[in-house]
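Student: sequence first, then the predicted structure, then my questions.
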Protein chains: 2
Amino acid sequence: MQAGSVIRALGALAQEHRLAVFRLLVQAGPEGMPAGALAEAIGVPASSMSFHLAQLANAGLVAQRRQSRSIIYSADYAAMNCLMAYLTENCCGGAACVPAADCSPPVSEAKDVA
Amino acid sequence: MQAGSVIRALGALAQEHRLAVFRLLVQAGPEGMPAGALAEAIGVPASSMSFHLAQLANAGLVAQRRQSRSIIYSADYAAMNCLMAYLTENCCGGAACVPAADCSPPVSEAKDVA
DNA sequence: CCTATAATTCGAATAATGTTGAAATAACGT
DNA sequence: ACGTTATTTCAACATTATTCGAATTATAGG
């Protein structure tokens, strides 16, 4: 995976609605969900959802197929795997960066640090 | 890890210069690198680098410490691990999404798209 | 052919990010 | 205190993202 693709993929996921959509699609499995259902689930107008889905598709994170009048989107698990692989190999130095890591929130998470 | 933190981390890495900086810092190891060296390595003015480093720090991906006149930045491996963990658990469904995955570029990828 | 449904594209406003030089801050040596 | 070096902060500007209604395209059924 090339740096350019990685940046597109990261950028696609670095947005509230799109991250939510992608997670919905992962949960939905290979069957996927139609665009309209996603728009309703997330609570954005159809045109906005279309924009976000285009970003995810451009990043290669979702696939689309037409089924009658609906367009069904589904998560591309392989692409997600590739992204993870890149982050592991090229950003984490080829192995689990650090033995364990806690991952529990340090304080309140409300104000964030500087 | 919270969705908000994840979005900040993804957004921090979803930028050419910042991804490059982060990878440099990972390579540099725990010793890290001073801001000036990073600016020169990437080829951006000091004020721009400062901006990007602030984004990475805000996302919790890098740590900073002062050493004499320099401020040394270093990758926070644990944070990267947490991000990976979130992506795996919440986006890939708790396991390696798909058995293998090829990850080889489809065409030339030389020019990269937009 | 006409109507209804499902999505996308267009366009134009608003918001968020990225860039940079100049000024401010911090640490050091003299 | 002064000058030098290393970085950050400020402020103005440029670029890119996001939002969403209206218009458009595509499919299906009478």
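Tutor: Received the coordinates, thanks.
Student: can you give me the strands in chain A?
Tutor: Counting by DSSP state E, residue ranges of the strands within chain A are A:33-34, A:62-67, A:70-75.
Student: how about the second one and chain B, touching?
Tutor: Think strand A:62-67. No. Judged by CB under 8 Å from any CB of the partner chain, strand A:62-67 makes no contact with chain B; its nearest approach is 11.8 Å. (Each C-beta comes from the backbone N, C-alpha and C, glycine too.)
Student: got the buried residues for that strand?
Tutor: A:V62, A:A63 (16 or more other CB atoms under 10 Å in any protein chain shown).
Student: in its sheet, what does it sit against?
Tutor: Strand pairing for strand A:62-67, using DSSP bridges, gives strand A:70-75 (antiparallel).
Student: just the shortest one next, same as before
Tutor: Paired with strand A:33-34 in the same sheet, following DSSP bridges, are strand A:70-75 (antiparallel).
Student: export the strands of chain A to JSON lines and tack on distance to B:E16?
Tutor: Putting the strands of chain A into JSON lines (distance: least, CB to CB, whole Å) gives the following:
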{"stretch": "strand A:33-34", "distance to B:E16": "32"}
{"stretch": "strand A:62-67", "distance to B:E16": "23"}
{"stretch": "strand A:70-75", "distance to B:E16": "26"}
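Student: and these: which comes nearest B:G36?
Tutor: strand A:62-67 (41.1 Å; CB to CB).
Student: quick one: the closest one to chain centroid distance?
Tutor: 16 Å (CA atoms, centre = their mean, to the nearest Å).
Student: so the closest residue to DNA strand C within chain A versus chain B, what's the distance?
Tutor: Taking CB to the nearest atom of the strand as the measure, the point where chain A comes nearest DNA strand C is A:G36, at 2.2 Å. Between A:G36 and chain B the distance is 23 Å, computed by CB to the nearest CB, to the nearest Å.
Student: surely that residue meets A:S47?
Tutor: No. Counting by CB atoms under 8 Å, A:G36 stays clear of A:S47, with 11.7 Å between them.
Student: in chain A, where is pLDDT below threshold?
Tutor: Counting by pLDDT under 70, the ranges of chain A that qualify are A:94-102, A:104-114.
Student: residues of it that sit close to DNA strand D?
Tutor: A:11, A:15-17, A:44-48, A:51-52, A:55, A:66, A:68-69 (CB under 7 Å from any atom of the strand).
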